[in-house]
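# Turn this into a model:
(chains A and B)
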2 protein chains.
Amino acid sequence: MHNVTDAERAAMAELVRRAHDASHEPGKAGIAAALLCDGEIIAEGANHVHLQNNPTLHAEIVALGRAAEALDRPDLSDCTLLSTLQPCEMCLAAMRFAGINRVIFAARQENVPPRYFAFPHLKLSDFLGPDARFKAVGGLMEAEVLPLYEHGQE
Amino acid sequence: MHNVTDAERAAMAELVRRAHDASHEPGKAGIAAALLCDGEIIAEGANHVHLQNNPTLHAEIVALGRAAEALDRPDLSDCTLLSTLQPCEMCLAAMRFAGINRVIFAARQENVPPRYFAFPHLKLSDFLGPDARFKAVGGLMEAEVLPLYEHGQE
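Numbering: from 1, shown residues only, chains lettered A, B, ... in the order given. Model (predicted):
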């Protein structure tokens, strides 16, 4: 159904577990992200917005920062971003600036409350635009995470 | 010409000075951002992408994080974001998530190279969209900073 590798599927299964675990931890949100590079997870991130009182620390931003630190370079063009929730506009732009061309996520925008997005009138297709290199795969293991996001409180 | 307050105009003049100073510092880029709250600058930021090898650390992201830390809350809805360069999609989304409704910048997208934006086919008007609360003022002191960005290397 989804055009993903075995390593990507295994990484998403791990993220789904982490998202469910995080949803029970105070101050965290049930969102998990990771950077996959050469089939290995090189960095993971949870949402730290309330943990650190910093509105920019979405799970994807945390994971991107850790991956760049781990590799000691801001270019992550050989990595794939995975998240349990469709990355918002901030995180999509951050990954593109890091040179990342591939993103895989579970819950899709049309199935979660609009508050997860800063500009809900813009859709993923608006961001993909004319850039043929930029590939997004949404809906992988979606059913397993939608209950986490249905009330929009994460 | 521009519908800005005296405090906003003074803050931008300060940012223009900082951007020119930063353009001479190794590892920094000639971009400066600040958060203005009740007429006072409560946080400033320079671009730390190469300084910290982190692609997410645009000047605006640095300033937003510092402002949230200074106020000890992720909601910055009583603040205005100022930047010497039109904020990219990442930074626009970050400010909206922080509840910020007003952004003022100097150099406008149409007058700088496309590499400052992750999705150059999207324009500011696409982000403003139907949200009448979200106000953007571009071009304030633009001539003073355009030479910093003409080659797209900052």
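
# Nearest residue to A:G65 in space, please, no chain neighbours.
Taking Cβ to Cβ, 6 or more residues apart in numbering or on different chains, and ignoring the residues beside it in sequence, A:G65 has B:N54 as its nearest neighbour in space, at 4.9 Å. Heads up, the C-betas are built off the backbone N, CA and C, glycines and all.

# In three-state terms, label the one you found for me.
Assigned by DSSP: H, G, I helix; E, B strand; the rest coil, the conformation of B:N54 is coil.

# gap between it and A:G129?
The spacing between B:N54 and A:G129, counted by Cβ to Cβ, to the nearest Å, is 25 Å.

# Looking at the two, which has the bigger crowd around it?
With other Cβ atoms under 10 Å in any protein chain shown as the criterion, B:N54 and A:G129 differ in neighbour count, and B:N54 comes out ahead with 22 against 12.

# doesn't A:R66 make contact with the more buried one?
No: in this structure, B:N54 sits apart from A:R66 without contact. The criterion is Cβ atoms under 8 Å, and the distance is 9.2 Å.

# hang on, the earlier thing: in contact with the residue nearest to A:G65, which residues?
Contacts here follow Cβ atoms under 8 Å, 6 or more residues apart in numbering or on different chains; on that basis B:N54 touches A:64-65, A:68-69, A:74, B:48.

# buried ones in the top helix by length along chain A?
When secondary structure is assigned using DSSP state H, the longest helix within chain A turns out to be helix A:6-22. Of the residues in helix A:6-22, those with enough neighbours to count as buried (16 or more other Cβ atoms under 10 Å in any protein chain shown) are A:8, A:11-12, A:15-16, A:18-20, A:22.

# Stretch A:42-50 too?
A:42-49.

# Could you dump those into a markdown table and include secondary structure?
Written out in a markdown table, the entries for the buried residues of stretch A:42-50 read as follows (three-state DSSP):
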| residue | secondary structure |
| --- | --- |
| A:I42 | strand |
| A:A43 | strand |
| A:E44 | strand |
| A:G45 | strand |
| A:A46 | strand |
| A:N47 | coil |
| A:H48 | coil |
| A:V49 | coil |
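
# of these, list those near chain B.
The residues of the buried residues of stretch A:42-50 that also fall near chain B, by Cβ under 8 Å from any Cβ of the partner chain, are A:V49.

# In TSV: the buried residues of stretch A:42-50, plus pLDDT.
Conversion of the buried residues of stretch A:42-50 to TSV gives the following (pLDDT from 0 to 100):
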residue	pLDDT
A:I42	97
A:A43	97
A:E44	96
A:G45	94
A:A46	90
A:N47	88
A:H48	85
A:V49	84
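
# between the buried residues of stretch A:42-50, which is closest to A:T80?
Nearest to A:T80, judged by Cβ to Cβ, of these is A:I42 at 10.5 Å.

# I figured that closest one hits A:E69, correct?
No: between A:I42 and A:E69 no contact is recorded; they are 10.1 Å apart, counting by Cβ under 8 Å.
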